[in-house]
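*Asks:* Just a sequence and a predicted model for now, questions to come.
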Amino acid sequence: QVQLVESGGGLVQAGGSLRLSCAVSGRTDSSYAMGWFRQAPGKEREFVAAIHRSGGNTYYGDSVKGRFTISRDNAKNTGYLQMNSLKPEDTAVYYCAADSRNSGPILTSSRYTYWGQGTRVTVSS
């Protein structure tokens with residue numbers, strides 16, 4: 001059974017940075033695409049970033065482009081989301097996702113098989 005566990009969320013002031021991690025267990029290889037989504041209170045889940053299984057190709061949502069960076073360390077079975085220049089509107093629960101059926105990047109949440117439990121990010125103004 002594949003499990004994803006996010007960490008790294010917290011409270012930060014506007015303009016600050018956080019790095020989220022997503023540890024994948026239950027697989028010994030790295031043949032899965034990964035992505036990050038977020039959901040703010042009262043809003044639909046939003047695509048944030050996605051990365052190819054090799055780490056060589058990435059894609060970002062318009063609202064985070066230029067501020068967030070997705071990466072992965074396949075040797076550690078861990079994905080990352082570096083978030084810089086954070087804004088109050090980035091406040092949300094952030095979820096990582098993985099899928100082994102496609103190489104990625106995958107932008108659509110419904111195409112992911114595995115999800116983490118989420119980590120909360122709060123950006124104060």
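*Replies:* Perfect, I can see it now.
*Asks:* Now C96. Nearest residue, chain neighbours left out?
*Replies:* Spatially, and ignoring its direct neighbours in sequence, C96 is nearest to C22 (3.4 Å; C-beta to C-beta, 6 or more residues apart in numbering). C-beta here means a position set from N, CA and C on the backbone, and glycine is covered the same way.
*Asks:* quick one: secondary structure of that neighbour?
*Replies:* Taken by DSSP: H, G, I helix; E, B strand; the rest coil, the conformation at C22 corresponds to strand.
*Asks:* and S54, what is it in contact with?
*Replies:* 74, 103 (C-beta atoms under 8 Å, 6 or more residues apart in numbering).
*Asks:* what sits opposite the spatially most central residue of the chain in the beta ladder?
*Replies:* By C-alpha atoms, centre = their mean, the chain has its centre lying nearest to W36, at 2.5 Å. Beta bridges link W36 to A49, C96 when assigned by DSSP bridges.
*Asks:* residues in contact with it?
*Replies:* W36 sits next to 20, 22, 48-50, 70, 79, 81, 94-97 when contact means C-beta under 8 Å, 6+ apart.
*Asks:* 7 Å instead?
*Replies:* 48-49, 70, 81, 94, 96 (C-beta atoms under 7 Å, 6 or more residues apart in numbering).
*Asks:* Make TSV from these and add neighbour count to it.
*Replies:* Below are the contacts of W36 laid out as TSV (neighbours: other C-beta atoms under 10 Å):
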residue	neighbour count
V48	25
A49	26
I70	24
L81	27
Y94	23
C96	30
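*Asks:* Kindly indicate which of those lies nearest V12.
*Replies:* Ranked by distance to V12 (C-beta to C-beta), the contacts of W36 are led by Y94 at 12.6 Å.
*Asks:* Which helix or which strand is home to that closest one?
*Replies:* Using DSSP states H and E, Y94 falls within strand 92-99.
*Asks:* tell me the average confidence for whichever helix or strand comes after that strand?
*Replies:* For strand 92-99, the following helix or strand on the C-terminal side (DSSP H and E) is strand 114-115. What strand 114-115 shows for mean pLDDT is 96.
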